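Peer 1: Predicted model follows, preceded by the sequence.
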Amino acid sequence: MPALWIAHAKVTDPESYGKYAELAGPAINKHGGYFIARAGRYVQLEGNDRARNVVAKFPSVEAAEACYHSPEYQEALSHARGAAERDLVIVETSE
């Protein structure tokens, strides 16, 4: 079953987070993922407001999790740590 990688971030260091974004995209693509929403217009209805919202679709939960743990994504993530407050979840779709 396909899976969605859903991230919400409040960026506190745009320069470092920009480097993360530059490296994260290729890592996500390498694992079969692609972006379906990336920092576009949004409406916050509940919970914490974090202005950067990203949704990527992967072939499976396992592919999304493998991406997260991959050396390429971990390198990207090293630029996000300390540069943003983030939440990330992988959710299997019902497709």
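Peer 2: Okay, I see it.
Peer 1: contacts, neighbours, all on C-alpha from now
Peer 2: Noted.
Peer 1: hmm, who's touching whichever strand or helix holds Gly18?
Peer 2: Using DSSP states H and E, Gly18 sits within helix 14-30. Applying Cα atoms under 8 Å, 6 or more residues apart in numbering, the set of residues contacting helix 14-30 from outside is 11, 34, 64, 67, 70, 72-73, 75-80, 83-84.
Peer 1: What ranges does this structure have for its helices?
Peer 2: 14-30, 61-69, 71-80 (DSSP state H).
Peer 1: Which residues belonging to the first one are considered buried?
Peer 2: Looking back up the chat, that one is helix 14-30. By 16 or more other Cα atoms under 10 Å, the buried positions in helix 14-30 come out as Ser16, Tyr17, Gly18, Tyr20, Leu23, Ala24, Gly25, Ala27, Ile28.
Peer 1: tell me the angle it makes with helix 61-69.
Peer 2: Orientation check (axes from the mean of the first three to the mean of the last three Cα atoms, to 10 degrees): helix 14-30 against helix 61-69 gives 140 degrees.
Peer 1: gap between helix 14-30 and the chain center?
Peer 2: Computed by Cα atoms, centre = their mean, to the nearest Å, the chain-centroid distance of helix 14-30 equals 9 Å.
Peer 1: what pLDDT, on average, does that helix get?
Peer 2: The pLDDT scores in helix 14-30 average 95.
Peer 1: tell me the angle it makes with helix 71-80.
Peer 2: Calculated by the same axes, to 10 degrees, helix 14-30 forms an angle of 160 degrees with helix 71-80.
Peer 1: show me the contacts for Glu72.
Peer 2: Contacts of Glu72 (Cα under 8 Å, 6+ apart): Leu23, Ala24, Ala27.
Peer 1: Which one of those residues is nearest to Arg41?
Peer 2: Ala24 (20.7 Å; Cα to Cα).
Peer 1: Quick check: the closest one vs His79, distance?
Peer 2: In this view, Ala24 and His79 are 10 Å apart by Cα to Cα, to the nearest Å.
Peer 1: Could you do Glu62 as well?
Peer 2: For Glu62, the distance to His79 - Cα to Cα - is 24 Å.
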